[in-house]
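1. Fold the stuff below for me.
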Amino acid sequence: AASAAGAPHRRGGKRLAAAPQAMAPIPLLTLVFLTAMGMTATTVCYVANAAIAYIQQARAAVSGGLPAALSLVAYVGISVAAGLVAAALVKYIAPAAAGSGIPEMKSHLAGVVHAGFLSGRTLGTKFVGLVAAQAAGLSIGKEGPFVHLAAATAAVLFTIPLFAPLYAAGPLRIQLLAAAVAVGVTATFGAPIGAVLFSVEVTATYYFVDNLPKAYYAAVVGLFFVRALAEIPIIDVYKNLALFSTDITQLPYSFPEFVAYAGLGLAAGLMGAGFVFVVSRLIYLRARVPALGAKWPLTSVAVVTAVSATVTWFLNRLLHEDEKTNIERLVSHEEIESLNHVLFDLGIYVPIKFVLTTAAVVLPIPSGVFSPVFAYGAAFGRFVGEIMSPLFPTLNVAAGGYAIVGAAAMTAAPPMAYMVHLRMGR
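-> Numbers count the residues shown, from 1 in each chain. The predicted structure follows:
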């Protein structure tokens, strides 16, 4: 590891000395770079989303038009093949593309450079591997990988001779990479302000206040560009760029519901702690048993993907939909259409989603954790809301509001704690 802020670096076989602070590149060049990065990184993430949507639709079309037995075989077979592609790319081309990428990005911005983490090879592997992993139907998210994609795109832009002065200026280079983090989150959720706050969280060791305008500008450029790309009449990749939308106008504030919210938060916190514990144990087990990790990574990915695809094929419709559709349904004011009873379906969905997520996020493939945790948190909150509604018919209970509260409580700690454990496990 070397210092990322002031030590000399090598690029293309040439040794580049860090430029003195007084000789920082002109602001115009920085503005051009931020604009190019916002547009380029957003395009990379858009194409990834489009490819994921196409493959998932193709899998559903192929498996849906067959008899039950053949449909199951086709569904599982396509999922396993896609999972193996993701695992093989990581193992044989760019091991740095595995996982979320946020833990490595945090340490990179703090001054520890990871060899090959932001290279063009890792960028390509992360892109294709993420598309394949998402197409496999595994319970993983995209936020972390999109952050990694945006940062790697920025690093590739540094290789253009026009931006060589920016690369040579160590502190400014780190600030621009921090701005790329905001672009990655914007491409995922379309929330530039939240994206900048997230980039501050990721780079919380040291964060220069004068970097805030750079991050906001890059995030806004990314937002406008992703909105423009959403108008391309090829495929409806971004039906709604936000993680979810709801028609709930306000949440009730009666005392029984405050008690229910507090109990929901306590239960979600315990489930979040359980998630972190299970993931840490799986990482420890993978490190101690070579057959589960470094020795046969393709086998472990194939087994988990096959089990996940089989379970989702047999279980209720909530597991068949993509993450975004599930969340939209759970936080909606409308009643949930279920195959059996809504409480029965949600009671199955929550533990199954928990197991599938913990099994998937430790695999050696590109993966994120935020959306799956948010989804089963919303399902658990909706479960509580559906129980509260008949118990207190005079309170006008909004079950979708409980889903929002449950999702927020569930995602309060597990994603960041999981990233720390995953980094330590490697």
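
2. all contacts plus neighbour counts: C-alpha atoms, from now on.
-> Will do.

3. Please save the CA atoms from stretch 77-92 in CSV.
-> C-alpha atoms of stretch 77-92 as CSV (Å, rounded to 0.1, in the frame of the first residue of the first chain):
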residue,chain,number,x,y,z
GLY,A,77,-30.2,-23.4,-15.6
ILE,A,78,-30.1,-19.8,-16.9
SER,A,79,-29.6,-18.5,-13.3
VAL,A,80,-26.7,-20.8,-12.6
ALA,A,81,-25.1,-20.1,-16.0
ALA,A,82,-25.2,-16.3,-15.3
GLY,A,83,-23.8,-16.8,-11.8
LEU,A,84,-21.0,-18.9,-13.1
VAL,A,85,-20.1,-16.2,-15.6
ALA,A,86,-19.9,-13.6,-12.8
ALA,A,87,-17.7,-15.9,-10.6
ALA,A,88,-15.4,-16.9,-13.5
LEU,A,89,-14.8,-13.3,-14.5
VAL,A,90,-13.8,-12.4,-10.9
LYS,A,91,-11.6,-15.4,-10.4
TYR,A,92,-9.7,-15.4,-13.7
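
4. buried set for it?
-> 77-91 (16 or more other C-alpha atoms under 10 Å).

5. Give me the residue ranges of the stretch 1-150 of the chain where confidence is low.
-> Applying pLDDT under 70 to the stretch 1-150 of the chain picks out residues 1-26, 63-64.

6. quick one: buried residues of stretch 47-54?
-> Within stretch 47-54, the residues that count as buried by 16+ other C-alpha under 10 Å are 48-53.

7. I misspoke; the intended subject was stretch 52-62.
-> Applying a neighbour-count criterion of 16+ other C-alpha under 10 Å, the buried positions in stretch 52-62 are 52-53, 55-56, 59.

8. How about stretch 390-397?
-> Val397.

9. quick one: which of the buried residues of stretch 52-62 sit in helices?
-> Mapping the buried residues of stretch 52-62 onto helices (DSSP state H) picks out 52-53, 55-56, 59.

10. Nearest to Glu104 among the residues you listed?
-> Ile52 (24.5 Å; C-alpha to C-alpha).

11. residues in contact with the closest one?
-> Going by C-alpha atoms under 8 Å, 6 or more residues apart in numbering, Ile52 touches 131-132, 134-135.

12. Looking at those residues, which is nearest Thr394?
-> Ranked by distance to Thr394 (C-alpha to C-alpha), those are led by Gln134 at 43.1 Å.

13. State the distance from the closest residue to Thr358 other than its chain neighbours to Phe370.
-> Nearest residue to Thr358, sequence neighbours excluded (C-alpha to C-alpha, 6 or more residues apart in numbering): Val279, at 5.7 Å. The spacing between Val279 and Phe370, counted by C-alpha to C-alpha, to the nearest Å, is 14 Å.

14. Now the phi/psi pair for Gly368, please.
-> phi -120, psi 180 (degrees, to the nearest 10).

15. and Tyr217, what does it touch?
-> Listed by C-alpha under 8 Å, 6+ apart, the contact set of Tyr217 reads 34-35.

16. so it is in which element?
-> Assigned by DSSP states H and E, Tyr217 belongs to helix 212-230.

17. Buried ones in that helix, by neighbour count?
-> For helix 212-230, burial by neighbour count (16+ other C-alpha under 10 Å) applies to 212, 214-227, 229-230.

18. Skip ahead from it and say which helix or strand is next.
-> helix 255-288.

19. Show me what that next one packs onto, helices and strands only.
-> helix 342-361, helix 370-391, helix 399-410, helix 414-425 (3 or more C-alpha pairs under 8 Å, 6 or more residues apart in numbering; DSSP states H and E).

20. To Arg329, which of those lies closest?
-> Proximity to Arg329 (C-alpha to C-alpha) singles out helix 399-410 among those, at 8.6 Å.

21. any idea of the angle the closest one forms with helix 370-391?
-> Interaxial angle of helix 399-410 relative to helix 370-391 (axes from the mean of the first three to the mean of the last three C-alpha atoms, to 10 degrees): 140 degrees.

22. which helices and strands does helix 399-410 pack with?
-> Using 3+ C-alpha pairs under 8 Å, 6+ apart: helix 399-410 touches helix 255-288, helix 370-391.

23. in the next helix or strand after the longest one, what counts as buried?
-> Same thing as helix 255-288. Counting by DSSP H and E, the next helix or strand C-terminal to helix 255-288 is helix 297-314. Residues of helix 297-314 classed as buried by neighbour count (16+ other C-alpha under 10 Å): 297-298, 300-302, 304-306, 308-313.

24. Can I get those residues in TSV including distance to Gly190 and pLDDT?
-> Shown next, in TSV, are these (distance: C-alpha to C-alpha, whole Å; pLDDT from 0 to 100):
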residue	distance to Gly190	pLDDT
Pro297	34	82
Leu298	34	87
Ser300	34	88
Val301	31	91
Ala302	33	92
Val304	31	92
Thr305	30	93
Ala306	33	93
Ser308	29	91
Ala309	30	89
Thr310	33	88
Val311	32	88
Thr312	29	83
Trp313	31	81
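
25. Could you point out which of those is nearest to Gly406?
-> Minimum separation from Gly406 among the buried residues of helix 297-314 (C-alpha to C-alpha) is found for Thr312, which lies at 22.6 Å.
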